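> can you look at this prediction? I've put the sequence above it.
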Amino acid sequence: MTGIFPSNEDMVVEILLRLPAKSLTRFKLVCKHWLSLISAQQFCYLHTLRHPKPQPSLILRTHTSHYFYFNPVPNNHKLIPYSFTIPNSKILNSCNGLLLLQSVHPVEYHVYNSTTKQSRKISLADNSEDFTNVMGLTLAFDPSKSPHYKIVCVRAKMKPPSAHERHCRIEVYNSQSLTWRLCLEPLVAPIGANFSSGVHCNNVIHWDNYPRAHLYYNISKNVIGNLPHARVPWHGGGGGAASHCQLQESDGRLYHFIIVSHLGDKSIAVYELQEDYSQWLLKYHDEVGRLPGRSRIFGYIKGDEGQTCTMITHVPGKITLYSFLDKRSEELVDLTNQPFYREDSVQFDSRDVFQFGETLAPV
């Protein structure tokens, strides 16, 4: 089979490196030589660096803990049942094609590549200083800069020192050295601080704690801080209140979404964080009228300026695509016939939506 290619193996490798990850998983079946080439760790590293931003799709988790794969790009939108090779697992978070899973009975953590089905068990660092309460783990992976990933773990003492604060510390796992390191002296965090849904962007982990100040940890600089507050826009000049807020990374920038409610009408505000972390810039604020029941934001697709800029949203019974440029809303999926559908209730929460992209990145 390899005889149809030039004898120069470097040329064969160069051709294979240009192909998408999903195609390469099938090409492993062509012959043993291709299986060896494509499975080699060095090839996987090179392919990952060559394809740092895979086409994003979504993995959704229902309130019944069932998972579905959803691609918002093709015309034929379907929810496809999704499962892992690691049993009894749930997704903690995702980052550029890799998933961080937690399994139960016993509790274990795995970094999982859904494209290659490879996984690595991650054992937490030994803890002998009473920081036994795991508050959250977040995956940090940027294949445009490195084929290696990190995991940020926030731990707290089981007994808070007061009713308003708790003592925490941050540990970071490095997949290159396969070791944990303690990164900061114990820090004081508000008792209600949420570290379970971190968002990675440019080697910084951001935690959504609205209406409290959002926290962040800069892995490179080893510093923790507060994000600036985003001013909630007035709805139609007549007031309004934030009914839903969340953070998301898109194309290397951090975005903050706020759904504003006023007398039954709703609007969506999209902010972009300045690179120096000084302020949020309001990018869009569109009035979308009355939405049935609660509403959730699944994802933000930032395209070229003036060409495309869309948001995937969810209201009870449907998944929709909203365009900020032409103010058009399009229904993508009708959920009313799904077994998990519940009338007047969202079927997926924003914290149960995970971005996914195909990658050969080794774990």
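Yes, it's here.

> state the pLDDT value of the residue nearest to Arg61 when sequence neighbours are not counted.
Of all residues not flanking Arg61 in the chain, Asp352 sits nearest, at 3.9 Å (Cβ to Cβ, 6 or more residues apart in numbering). C-beta coordinates here come from the backbone N, C-alpha and C atoms, glycine included. On the pLDDT scale, Asp352 is placed at 89.

> contacting residues for Asp352?
By Cβ atoms under 8 Å, 6 or more residues apart in numbering, the contact set of Asp352 is Leu60, Arg61, Thr62.

> most neighbours among these, which one?
Neighbour tally across those (other Cβ atoms under 10 Å): the maximum, 21 neighbours, falls on Leu60.

> list the beta-bridge partners for that residue.
Phe68, Val353 (DSSP bridges).

> so it touches Gln355, yeah?
No - assessed by Cβ atoms under 8 Å, Leu60 is found out of contact with Gln355, at 10.9 Å.

> mind listing what's buried along the helix or strand hosting Lys90?
For Lys90, the enclosing helix or strand under DSSP states H and E is strand 89-95. Neighbour-count burial for strand 89-95, counted by 16 or more other Cβ atoms under 10 Å, picks out Ser89, Ile91, Leu92, Asn93, Ser94, Cys95.

> wait, the first one touches Val107, no?
The reference is to Ser89. No - with contact defined as Cβ under 8 Å, Ser89 does not reach Val107; the gap is 10.9 Å.

> now, which of the buried residues of strand 89-95 sits nearest Val172?
Cys95 (14.1 Å; Cβ to Cβ).

> list the contacts for the closest one?
Counted by Cβ under 8 Å, 6+ apart, Cys95 has contacts Leu139, Ala140, Phe141, Tyr149, His200.

> check these and tell me the two furthest apart.
Tyr149 and His200 (9.6 Å).

> overlap in contacts, these two.
Shared contacts of Tyr149 and His200, counting by Cβ under 8 Å, 6+ apart, come down to Cys95, Leu139, Ala140, Phe141.

> what residue ranges in the stretch 201-350 of the chain score low on pLDDT?
Within the stretch 201-350 of the chain, the segments meeting pLDDT under 70 span 210-211, 234-243, 263-264, 289-293, 302-308.

> name the surrounding residues that touch the helix or strand containing Gln246.
Counting by DSSP H and E, the element that carries Gln246 is strand 241-250. With Cβ under 8 Å, 6+ apart as the test, strand 241-250 has contacts from 199-201, 206, 208, 210-211, 214, 232, 254-262, 266, 294-297, 299-302, 350.

> swap in 7 Å and give it another go.
199-201, 206, 208, 210, 214, 232, 254-261, 295-297, 299-300, 302, 350 (Cβ atoms under 7 Å, 6 or more residues apart in numbering).

> now the strands: where do they sit in the stretch 151-300 of the chain?
Applying DSSP state E, counting those that start in this stretch to the stretch 151-300 of the chain gives strands spanning 165-174, 179-182, 187-190, 198-201, 204-207, 215-218, 223-226, 241-250, 253-262, 265-273, 280-290, 296-302.

> can you redo these as CSV with distance to Val12?
Shown next, in CSV, are those (distance: least, Cβ to Cβ, whole Å):
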stretch, distance to Val12
strand 165-174, 33
strand 179-182, 36
strand 187-190, 51
strand 198-201, 34
strand 204-207, 39
strand 215-218, 41
strand 223-226, 46
strand 241-250, 35
strand 253-262, 37
strand 265-273, 43
strand 280-290, 45
strand 296-302, 35
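
> how many neighbours does the closest residue to Phe257 other than its chain neighbours have?
Once flanking residues are discounted, Phe257 sits nearest to Ile297: 5.0 Å by Cβ to Cβ, 6+ apart. Using other Cβ under 10 Å, Ile297 has 22 neighbouring residues.

> same check, this time on the one 3 residues further on
The burial metric for Tyr300, expressed as a neighbour count using other Cβ under 10 Å, is 22.

> do Val13 as well
When neighbours are counted by other Cβ under 10 Å, Val13 registers 16.

> which of the residues in the helix or strand where it lies are buried?
In the assignment (DSSP H and E), Val13 maps to helix 9-17. Neighbour counts using 16+ other Cβ under 10 Å place Val12, Val13, Leu16, Leu17 of helix 9-17 among the buried residues.

> and stretch 348-363, by the same measure?
Buried-residue list, stretch 348-363, by 16+ other Cβ under 10 Å: 348, 350, 352-363.

> between those residues, which sits nearest Lys53?
Gly357 (7.5 Å).

> doesn't Pro56 make contact with the closest one?
Yes - between Gly357 and Pro56 there is a contact at 5.4 Å, judged by Cβ atoms under 7 Å.

> break the protein into its domains for me.
Structurally, the chain divides into domains by automatic domain parsing as follows: 2-39, 84-227.

> please identify the most buried of those.
For these, the largest average neighbour count (mean count of other Cβ atoms under 10 Å) is found in domain 84-227, namely a mean of 17.

> against His206, how distant is Pro54?
Going from Pro54 to His206 by Cβ to Cβ, to the nearest Å gives 22 Å.
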